[in-house]
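[1] I would like the atomic coordinates for the input below:
(2 chains)
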Amino acid sequence: EPEVTQTPSHQVTQMGQEVILRCVPISNHLYFYWYRQILGQKVEFLVSFYNNEISEKSEIFDDQFSVERPDGSNFTLKIRSTKLEDSAMYFCASTWGTAYNEQFFGPGTRLTVL
Amino acid sequence: AQSVTQLDSQVPVFEEAPVELRCNYSSSVSVYLFWYVQYPNQGLQLLLKYLSGSTLVESINGFEAEFNKSQTSFHLRKPSVHISDTAEYFCAVSARAITDKLIFGTGTRLQVFP
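    Numbering: from 1, shown residues only, chains lettered A, B, ... in the order given. Take a look at the predicted model:
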């Protein structure tokens, strides 16, 4: 069964460093998302992406964040200068884009900012 | 805008007992409704969804949820839980637009005891 994959599973970085979180969505999906979950809190939407551009972004997704689909398979989230409060689990999701919106989630990347 | 309220942060229950996890939503537009499950150290998995039609939806592992439009609720139930049902359960909504983001509740931790 096709699935969304994410790498790395755990990333530790120093405050102020840049990180890139990688996702490989399901191959025939067209819409891509990033969500995050701070420990003990709810899952929050960050950004949606379609046709090589951002469809929607939340207030969390400030200028420190960027997304890219550099090739036909990868979907990346870059945090330019990490802050302590960026520590969270980051989930990638994708969907085909039919009449209903079933999103398939990856296993997540745990980002720890020291 | 949509919002989701899960009133119970934790629900302890003994094995083989029934359980209900409550979810209420708020939206000015028609929505799709979802329950996602997160097992320890794993990503989010879709448990069941309400899109249209019958207000009672079921999952393959015995969970069911009923959409109640008048009460804006989508409570999750299982008549007899197993130890393996121990997990975090998230209720989510999205506007009935293709590819709209998911708005999650704060989650309910179901702990099943032997």
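[2] check contacts around residue 24.
    You didn't pick a chain, so chain A it is. A:4-6, A:73-75 (CB atoms under 8 Å, 6 or more residues apart in numbering or on different chains). All C-beta atoms are positioned from the backbone trio N, CA, C, and that covers glycine.
[3] nope, chain B
    Neighbours of residue B:24 in contact, by CB under 8 Å, 6+ apart: B:4-5, B:7, B:71-74.
[4] of these, which ones also sit close to chain A?
    For chain A, no contacts are drawn from the contacts of residue B:24 by CB under 8 Å from any CB of the partner chain.
[5] Throw those into TSV and include distance to residue B:26 and neighbour count, thanks.
    Output for the contacts of residue B:24, formatted as TSV (distance: CB to CB, whole Å; neighbours: other CB atoms under 10 Å in any protein chain shown):
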residue	distance to residue B:26	neighbour count
B:4	8	24
B:5	8	14
B:7	13	11
B:71	12	10
B:72	6	16
B:73	11	17
B:74	12	29
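[6] just flag the most distant two among those.
    Pairwise distances across these (CB to CB) peak at 14.0 Å, for the pair B:4 and B:71.
[7] so which of the contacts of residue B:24 is the closest to residue B:108?
    Taking the contacts of residue B:24 together and measuring to residue B:108 by CB to CB, the closest member is residue B:7, at 8.4 Å.
[8] does the closest one touch residue B:22 like I think?
    Yes: assessed by CB atoms under 8 Å, residue B:7 is found in contact with residue B:22 at 5.2 Å.
[9] how many residues are close by residue B:13?
    The burial count assigned to residue B:13 is 17, neighbours taken as other CB atoms under 10 Å in any protein chain shown.
[10] and it, what element?
    Element membership for residue B:13, per DSSP states H and E: strand B:10-14.
[11] which residues are contacting that strand?
    B:19, B:21, B:81, B:108-114.
[12] now for the residues you listed, which sits with the most neighbours around it?
    Going by other CB under 10 Å, residue B:21 tops these with 24 neighbours.
[13] for the nearest residue to that one once chain neighbours are set aside, give me its contacts.
    Spatial nearest neighbour of residue B:21, chain neighbours left out: residue B:76 (4.3 Å); criterion: CB to CB, 6 or more residues apart in numbering or on different chains. Taking CB under 8 Å, 6+ apart, we find residue B:76 in contact with B:20-21, B:23, B:35, B:47-48, B:63-65, B:89, B:91.
[14] please apply the same query to residue B:31.
    Taking CB under 8 Å, 6+ apart, one finds B:2, B:25, B:93-96 in contact with residue B:31.
[15] again, but for residue B:17
    B:80-81.
[16] distance between the ends of stretch B:12-24?
    With CA to CA, to the nearest Å as the measure, stretch B:12-24 spans 20 Å from end to end.
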